[in-house]
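Participant: quick one, structure for this:
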Amino acid sequence: MSLNQARKRALWLRRWVPEGGRRVSQSFARSNALHPSTAKALYSLARALRPEMIIEPGTNWGYATTYLAAAVADSGSGRVWSFHLWAQAGQCIPNSLRPFVQLMSGELTQKECYRRRGEMV
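Facilitator: Residues are numbered from 1 along each chain as shown. From the prediction side, this is the model:
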């Protein structure tokens, strides 16, 4: 890929990134442990691919979950299924994005995914 093609691709992906964080406040964006470029990449990929289901292993505080949920919300369809082992997992996910997130406690194994397949569809 040439440099010019890479720039065009970056501009194309940038259109999916919300200006000033439509769904995520500036203070939230500065306060989390997720690097801003990683957050933009997660949001851009989820927005461009428009998946019906995103499975996230390991919610922790919920910073990455928030960006994935914002992309799902802006796309108009889909859901983030986040698996965690920690009781306080996802406590930083804004209430406005909670309808797009399903927090599941327990191990994320292939067997567990098949067992919960009916819940996810």
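
Participant: so residue 43 sits against residue 70, correct?
Facilitator: Yes: using CB atoms under 8 Å, residue 43 is in contact with residue 70, at 6.2 Å. Glycine gets a C-beta too; all of them are placed from N, C-alpha and C.

Participant: what count of nearby residues applies to residue 50?
Facilitator: 14 (other CB atoms under 10 Å).

Participant: check residue 105 too.
Facilitator: Residue 105: 12 neighbours (other CB under 10 Å).

Participant: grab the nearest non-local neighbour of it.
Facilitator: Nearest non-adjacent residue to residue 105, counting by CB to CB, 6 or more residues apart in numbering: residue 84, 6.0 Å away.

Participant: how many neighbours does that neighbour have?
Facilitator: Neighbour count of residue 84, defined by other CB under 10 Å: 21.

Participant: I'd like the distance between it and residue 69.
Facilitator: Distance, residue 84 to residue 69, by CB to CB, to the nearest Å: 15 Å.

Participant: which helix or strand lies directly C-terminal to the lowest-mean-pLDDT helix or strand in the chain?
Facilitator: The helix or strand of the chain with the lowest confidence, counting by mean pLDDT, DSSP states H and E, is helix 26-31 at a mean of 54. Next in sequence after helix 26-31, counting helices and strands by DSSP states H and E, comes helix 36-49.

Participant: which parts of that following helix are buried?
Facilitator: 39-40, 42-44, 46-47 (16 or more other CB atoms under 10 Å).

Participant: make JSON lines out of those residues and add pLDDT and distance to residue 63.
Facilitator: Compiled in JSON lines, those are given as follows (pLDDT from 0 to 100; distance: CB to CB, whole Å):
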{"residue": "39", "pLDDT": "83", "distance to residue 63": "8"}
{"residue": "40", "pLDDT": "85", "distance to residue 63": "13"}
{"residue": "42", "pLDDT": "88", "distance to residue 63": "10"}
{"residue": "43", "pLDDT": "90", "distance to residue 63": "12"}
{"residue": "44", "pLDDT": "89", "distance to residue 63": "16"}
{"residue": "46", "pLDDT": "91", "distance to residue 63": "14"}
{"residue": "47", "pLDDT": "89", "distance to residue 63": "17"}
